[in-house]
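Next one to model:
(2 chains)
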2 protein chains.
Amino acid sequence: MADFELMQELQIANDSKIVMLVIDGLGGLPMEPGGPTELEAARTPNLDHLAAKSLCGLSVPIGPGITPGSGPAHLALFGYDPLKYEIGRGVMEALGIGFDLHDEDVAARGNFCTVEKGLITDRRAGRILTEKNVELCQLLRGIKLPGVQVFVEAVKEHRFVLVLRGEGLEGGLTETDPQQLGVPPLPVEALVPEAERTAQLFNQWITQAREILADHRPANMVTLRGLAKNPGLPSMREVYGLRAAAIASYPMYRGVAKLVGMDVLDTGEAFEEEVETLRAHFVDYDFFFVHVKKADSAGEDGDFERKVSILEHVDELVPAILDLNPEVLIITGDHSTPALLKSHSWHPVPTLLHSCYCRADQTDEFSERGCSRGALGRFPAVDLMPIAMANALRLAKYGA
Amino acid sequence: MADFELMQELQIANDSKIVMLVIDGLGGLPMEPGGPTELEAARTPNLDHLAAKSLCGLSVPIGPGITPGSGPAHLALFGYDPLKYEIGRGVMEALGIGFDLHDEDVAARGNFCTVEKGLITDRRAGRILTEKNVELCQLLRGIKLPGVQVFVEAVKEHRFVLVLRGEGLEGGLTETDPQQLGVPPLPVEALVPEAERTAQLFNQWITQAREILADHRPANMVTLRGLAKNPGLPSMREVYGLRAAAIASYPMYRGVAKLVGMDVLDTGEAFEEEVETLRAHFVDYDFFFVHVKKADSAGEDGDFERKVSILEHVDELVPAILDLNPEVLIITGDHSTPALLKSHSWHPVPTLLHSCYCRADQTDEFSERGCSRGALGRFPAVDLMPIAMANALRLAKYGA
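Next comes the predicted model:
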């Protein structure tokens, strides 16, 4: 909290604008030793030109060697230490499917699993088809609990979200997945006395779910993980004094933005439409989070060329953002998604920060190699917001 | 404290000398995009030559994006985390004017302000002239309090220092400046029971000050901020085993040096005189803090050319310091003061450390861009002292 105390103490109001463009999964790897990464292979004259006038570096989302999920990676970009502000898996999954989570809700991530004589034989029920998942969730919606509303939402394959809504519910609960085979699922237990009733409600729900699923092998049982409430993060307004808005089309990112108190703007999915949304609301906010999803998807698919062409497309639209003259423009990613790995990775993420006062370094190419020569060096992602606030002249001096 | 425990445990006595030359406000910015910073514009052959044989980097005084005051910035250079060792504004102002603060004193930073019918209408009393301030402080010296000595010292414009001296005084007090207009000043309240009497004494003083000032509009009232004692930092002797001396002509820096237990040497104001003082006392101490004020003043005045010529003058005297053959020579700044901003700034500070064992990097120019290529990278200022101690061969191995 020390950092937030500092931000809260030092923040100054003015009219400057900060735009943070997050290219999801931006960082990459060469497909073969010595080759270019996706960003190095892409023709990005606008980004390169901007890098030459910017402060550059490689951002470490969570910590050395840690591959982040999207939730914690975005929290870090917004300046919230993701190891301090833990968000339960249930809340994260609920955000990921765009579920409208209320403050009093307790959300759990559910897994369908297979049991024989009560003992788990497959923790993922053979990764059942999502269609089957939807059908089973429909059945589970028949379960009623005293005094609370119950929501069951399918996610993908064996994963679903279970949300209890009502007065007096509490997080602080154990998980039921024993994380091994040949043993029974565990009961939910309260870690704090206030969560006793909530634990009982979850256990009642599980008992009824077991009965309903009994004949639906392989998905004949469930486990619950990460049972928790929305952690109630301080808003970006409270922390930085910024009126913040999110321009993102995917539910997960809209959800994370809501967690830190951003207004989520209506926008089309294409990057052109997002830039148009930015232009339309430019006077209304101080901080804009603009999210480009497709680079990550291409990386996850292992499609190097598609990721290259998406990055080239982003490059073409950079001038349209610069035309708005934001006092601070950050271009970064939440994490790397190298096509070579077909997944998120731990590699630091190319990052540039441009402003009148940024003190440009000698980087002349927006790329992994270029940014490794930047004056920011290899830096924690959570450092980005304080540096942006400084460049926006929104921080007073500390001490005399 | 973890770091100090390590220093205290590992320190070794020997005859090596460490000289830390602090060029106040050293770091800068280009006046126009792509141009040179002050240090880059300055002809500094000696510093460049030394950089080529040194370990270089950019030091971050407090934290990313944080613009430091001189007090915390110097504490960081001496290895004291300024966010852990907070120094009250009262103490800092008292040090700044060279007031001889005793350990039992409680110091407050005072502001003259304007009230109408008891409500604040100007928190700075229209920034009255310093001459007026001196006159009013003289009047306020008439206030007597039971059992304690009272000191009132003018600072500048609307600012003064109030010090209470006597047995049993305590910090842990609230401030009286409500930080907004249209409301009355707040009373001093004790945050801990031991400070109850001190709070009462300050409130008695304020009551009398209000009466004395009643007819002196616009300065017809006062507020008090940062009411605290000297925080009692461990000395550099205790932390590092170093006999430390300060060569600085401005009261603020002499004061901060005293806070960490340095002997403050008599010296002339010119840098030549400071170097002469260093030579004269070179055998008497292990660590020397040598402070060059004028680069900061030129930056604060927005005078790029004057800052350039001061840096060139410092460069000319570097050989005189090298002639003394200190085992470790550090050249750095407490913070940046770009002429472009006419104020302290958050930008990291060019830094070099030279010793027989420093492992020189590829930096061949002592400048912002040059040091950004240094092997120290962008590093916390508090790391400098442990690295200096190591290069002075004053630290034993940790663990077997």
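
Point out the residues in chain A that sit beside chain B.
Chain A comes close to chain B at residues A:2-3, A:6, A:10, A:53, A:357, A:359-362, A:373-379, A:383, A:385-391, A:395-400, as judged by CB under 8 Å from any CB of the partner chain. C-beta coordinates here come from the backbone N, C-alpha and C atoms, glycine included.

Try it again at 7 Å.
Neighbours of chain B within chain A, by CB under 7 Å from any CB of the partner chain: A:2, A:6, A:53, A:357, A:359, A:361-362, A:375-377, A:379, A:383, A:386-387, A:389-390, A:395, A:397-400.

Show me which of the residues you listed are buried.
Buried members of the residues of chain A next to chain B, counted by 16 or more other CB atoms under 10 Å in any protein chain shown: A:6, A:53, A:357, A:359, A:361, A:375-377, A:379, A:383, A:386-387, A:389-390, A:395, A:397-400.

Where strands are concerned, which of these count?
Residues of these located in strands (DSSP state E): A:377, A:379.

Within the helices and strands, which one has the most centrally placed residue in chain A?
Nearest residue to the geometric centre of chain A (CA atoms, centre = their mean): A:Gly71, 2.4 Å. In the assignment (DSSP states H and E), A:Gly71 maps to helix A:70-77.

Alpha carbons of the next helix-or-strand element following that helix, as CSV, please.
Once helix A:70-77 ends, the next helix or strand along the chain (criterion: DSSP H and E) is helix A:89-96. Extracted in CSV, the C-alpha atoms of helix A:89-96 (Å, rounded to 0.1, in the frame of the first residue of the first chain):
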residue,chain,number,x,y,z
ARG,A,89,-10.3,-17.7,-9.7
GLY,A,90,-14.1,-17.6,-9.4
VAL,A,91,-14.2,-13.8,-9.7
MET,A,92,-11.7,-13.9,-12.6
GLU,A,93,-13.7,-16.6,-14.5
ALA,A,94,-16.9,-14.6,-13.9
LEU,A,95,-15.2,-11.5,-15.3
GLY,A,96,-13.9,-13.5,-18.2
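
which stretches of chain A form helices?
A:2-10, A:38-41, A:45-52, A:70-77, A:89-96, A:130-140, A:196-213, A:236-240, A:251-259, A:271-280, A:294-300, A:304-322, A:368-372, A:384-391 (DSSP state H).

So which bits of the third one are buried?
So that's helix A:45-52. A:46-52.

Mind listing residues that contact it?
A:315, A:318-319, A:331, A:352, A:354, A:360, A:363-366, A:370 (CB atoms under 7 Å, 6 or more residues apart in numbering or on different chains).

between it and helix A:304-322, how big is the angle?
60 degrees (axes from the mean of the first three to the mean of the last three CA atoms, to 10 degrees).

Just the mean pLDDT for helix A:45-52, thanks.
Across helix A:45-52, the average pLDDT comes to 98.

And for the longest one?
Mean pLDDT, taken over the full extent of helix A:304-322, equals 98.

Distance from the chain centre to it, please.
Relative to its parent chain, helix A:304-322 has a centroid offset of 21 Å by CA atoms, centre = their mean, to the nearest Å.

swap in the fourth one?
Between the mean C-alpha location of helix A:70-77 and the chain-wide mean there is a distance of 5 Å, by CA atoms, centre = their mean.

helices and strands around that helix, which ones?
Counting by 3 or more CB pairs under 7 Å, 6 or more residues apart in numbering or on different chains; DSSP states H and E, the packing neighbours recorded for helix A:70-77 are helix A:251-259.

Which other helices and strands does the helix it packs on contact?
Using 3+ CB pairs under 7 Å, 6+ apart: helix A:251-259 touches helix A:70-77, helix A:89-96, strand A:263-264.

what is the orientation angle of that helix with helix A:89-96?
Taking the same axes, to 10 degrees, one finds helix A:251-259 and helix A:89-96 inclined to each other by 110 degrees.

in helix A:251-259, what's buried?
Buried residues in helix A:251-259 (16+ other CB under 10 Å): A:252-259.

Same question for stretch A:32-40.
So for stretch A:32-40, counting by 16+ other CB under 10 Å, buried means A:36-40.

same deal with stretch A:59-72?
For stretch A:59-72, using 16+ other CB under 10 Å, the buried residues are A:59-62, A:67-72.

next one: stretch A:81-89
For stretch A:81-89, the buried set under the neighbour-count rule, 16+ other CB under 10 Å, comprises A:81-82, A:85-89.

quick one: which of these is nearest to chain B?
Of all the buried residues of stretch A:81-89, A:Asp81 has the smallest distance to chain B: 13.0 Å, by CB to the nearest CB.

This completes my enquiry, with thanks.
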